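Novice: How does the following fold in three dimensions:
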Amino acid sequence: MKVIDYIALVLVIIGAINWGLIGLFGFDLVATLFGSMSVISRIVYTLVGISGLWCIRFFAKVDD
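Specialist: As a prediction, this is how the structure comes out:
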């Protein structure tokens, strides 16, 4: 499970950087690299979304 956690975290970071670029500069890195709503970009967006859902479980690991 640890490998999946790292992959999910990397994808979430990529998604966060992409959203930061969109918010600050109106620049969509994924669309630039793979085409606007191409099959590959849709796969990337989907994997980032699934990774975000996967990372919700990290809240259970946070100690107060």
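Novice: Spit out the contact partners of Ile4.
Specialist: Trp54 (Cβ atoms under 8 Å, 6 or more residues apart in numbering). Yep, even glycine has a C-beta here, placed from its N, CA and C like the rest.
Novice: And the longest helix anywhere in the chain, what's buried?
Specialist: Using DSSP state H, we find that the single longest helix of the chain is helix 2-25. Residues 8, 11-12, 14-15, 18 are the ones in helix 2-25 that count as buried (16 or more other Cβ atoms under 10 Å).
Novice: What count of nearby residues applies to Ser51?
Specialist: Neighbour count for Ser51, taken as other Cβ atoms under 10 Å: 20.
Novice: confidence score at it?
Specialist: Ser51 is assigned 96 on the pLDDT scale.
Novice: how much space between it and Lys61?
Specialist: In this view, Ser51 and Lys61 are 16 Å apart by Cβ to Cβ, to the nearest Å.
Novice: Same question for Ile43.
Specialist: Ile43 sits at a distance of 28 Å from Lys61 (criterion: Cβ to Cβ).
Novice: Export the buried residues of helix 2-25 to JSON lines and append columns for pLDDT.
Specialist: Shown next, in JSON lines, are the buried residues of helix 2-25 (pLDDT from 0 to 100):
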{"residue": "Ala8", "pLDDT": "95"}
{"residue": "Leu11", "pLDDT": "95"}
{"residue": "Val12", "pLDDT": "96"}
{"residue": "Ile14", "pLDDT": "95"}
{"residue": "Gly15", "pLDDT": "96"}
{"residue": "Asn18", "pLDDT": "96"}
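Novice: Run through the protein and note the low-pLDDT ranges.
Specialist: 63-64 (pLDDT under 70).
Novice: Buried ones in stretch 54-64, by neighbour count?
Specialist: The neighbour-count check on stretch 54-64 (16+ other Cβ under 10 Å) flags Trp54 as buried.
Novice: next one: stretch 37-57
Specialist: 41, 44-45, 47-48, 51, 54.
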